[in-house]
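Chemist: Generate a structure from the sequence data that follows.
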Amino acid sequence: MIDREAWLAARRQGIGGSDAAALMGCHPWHSLTSLYLDKIGMSEDEDSQLLRWGRRLEGAVLAEYEHVTGLTVATHEDVIPDRIAVFPGGVRMLRHPSSDVAIGNTDGVVLDPDRGPGVIDGKVVLRYKFREWIRDGRPRLNYLVQLAHYMEVTGLRWATIAAFSGIEDPLYVYEVEHDPAFGARLMEAEDTFWRRYVKRRQPPPADTSEATAKALRVLYPKDSGKAVTLDGPAEEWARAFDEATEQAAAIDRKREAAKTALIATLGDAAAGVLPDGSGFTFRTGSRGRSLRRASASALRKYSKDTT
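Modeler: The predicted structure is shown next:
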């Protein structure tokens, strides 16, 4: 069994499938800055119970795919042994033959007698999140970019996702064909990111995502005690910061004024109902009374004093 630390170290040696989605700006939880942080070894292992179950159920998902489609899923060693690279610790991953950056770890190779071999990536999706996972009948864009990356790494011309969302649901299968133009663009973007930022230990430009904000807190946990000159774009950012701060303060003042007026109107009432049926509760709790917005259904239990 491969040690997880060795596997994580191997992943830091290049750009993988999920990394490619972050690189192209379509990953829901990662950004260029968080990807950079991962590749220089400063991010934490984000393993979770869901991810562990996904790895454990991988074989079952592939077996169901074989049952549903009638096709066989083979190993990389059986079909594309020339694309396998061995990393320290005995970790075996796929590597693009002409790129020092593009690596991958797909779940196997589908043997289709008509189309030839194709990439397969099995997924385990929480049933209640499956609708979020699908967009207009297709997997989210980050998963399609992931497949595009795998096709470049493996040299295969088509790929499929097989997603399991529960024992009562049919296996979701979605296939894509190789797009040479997008694949070339993707490989160029990965190479540029690696040369420009990772090799130079130079953080990429920051965006406004929560992933970037979190990564920056890790990247710069303490101050140096020095001052730097803020000019150029920083002046515009400073103006935007000041304007937003002033607007937020004005909104807070307006909200507090409305809150005070509502409390005065409610008096000792536990709730107040607006003409549309919604309203507010003003209940007594352990920390005193708290004003909260309430829906019409939540307010039906209160009796109204109309006198």
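Chemist: what's the distance between residue 40 and residue 155?
Modeler: Going from residue 40 to residue 155 by CB to CB, to the nearest Å gives 29 Å. Heads up, the C-betas are built off the backbone N, CA and C, glycines and all.
Chemist: Equivalent analysis for residue 146, please.
Modeler: From residue 146 to residue 155 the distance is 16 Å (CB to CB).
Chemist: Map the structural domains onto the sequence of this structure.
Modeler: Using automatic domain parsing, the domain parsing of the chain gives 4-219, 233-299.
Chemist: Please name the nearest non-neighbouring residue to residue 72.
Modeler: residue 111 (4.6 Å; CB to CB, 6 or more residues apart in numbering).
Chemist: tell me what the helix or strand hosting residue 289 is packed against?
Modeler: According to DSSP states H and E, residue 289 maps onto strand 288-294. Applying 3 or more CB pairs under 8 Å, 6 or more residues apart in numbering; DSSP states H and E, we find strand 288-294 packed against helix 233-266, strand 279-285.
Chemist: which other residues reach the following helix or strand past the first one?
Modeler: Per DSSP H and E, the first helix or strand lying C-terminal to helix 233-266 is strand 271-273. The list of residues contacting strand 271-273 from outside it, by CB atoms under 8 Å, 6 or more residues apart in numbering, reads 262, 265-266, 279-283, 294, 299, 302, 304.
Chemist: Name the residues of strand 271-273 that are buried.
Modeler: 271-273 (16 or more other CB atoms under 10 Å).
Chemist: tell me how far it is from the chain's mean position?
Modeler: 41 Å (CA atoms, centre = their mean, to the nearest Å).
Chemist: tell me the mean pLDDT for that strand?
Modeler: Mean pLDDT, strand 271-273: 92.
Chemist: ok, now stretch 80-99?
Modeler: Here the average pLDDT along stretch 80-99 is 92.
Chemist: can you check stretch 170-178 too?
Modeler: 95.
Chemist: who's in contact with that stretch?
Modeler: By CB under 8 Å, 6+ apart, stretch 170-178 touches 61, 64-65, 68-69, 118, 125, 130, 134, 138-139, 144, 147-148, 151, 156-165.
Chemist: can you rerun that using 7 Å?
Modeler: 64-65, 68, 138-139, 144, 147, 151, 157-165 (CB atoms under 7 Å, 6 or more residues apart in numbering).
Chemist: quick one: the strands in the stretch 101-250 of the chain?
Modeler: Here the stretch 101-250 of the chain has its strands, by DSSP state E, counting those that start in this stretch, at 103-104, 108-112, 116-124, 134-135, 138-139, 158-164, 172-177.
Chemist: Compare those and report which one is nearest to residue 289.
Modeler: strand 134-135 (44.1 Å; CB to CB).
Chemist: tell me what that closest one is packed against?
Modeler: Under the contact definition 3 or more CB pairs under 7 Å, 6 or more residues apart in numbering; DSSP states H and E, strand 134-135 sits against no other helix or strand.
Chemist: if we can go back for a sec, quick check: which of the helices and strands packed on strand 288-294 has the most neighbours on average?
Modeler: The highest mean neighbour count among those, using mean count of other CB atoms under 10 Å, belongs to strand 279-285: a mean of 16.
Chemist: rewinding a little: most tightly packed of the domains of the chain?
Modeler: Mean neighbours per residue, mean count of other CB under 10 Å, is largest over the domains of the chain for domain 4-219, with a mean of 17.
Chemist: what ranges of the stretch 1-150 of the chain fall below the confidence cut-off?
Modeler: Within the stretch 1-150 of the chain, the ranges that satisfy pLDDT under 70 run 1-2, 45, 47.
Chemist: Good, wrapping up.
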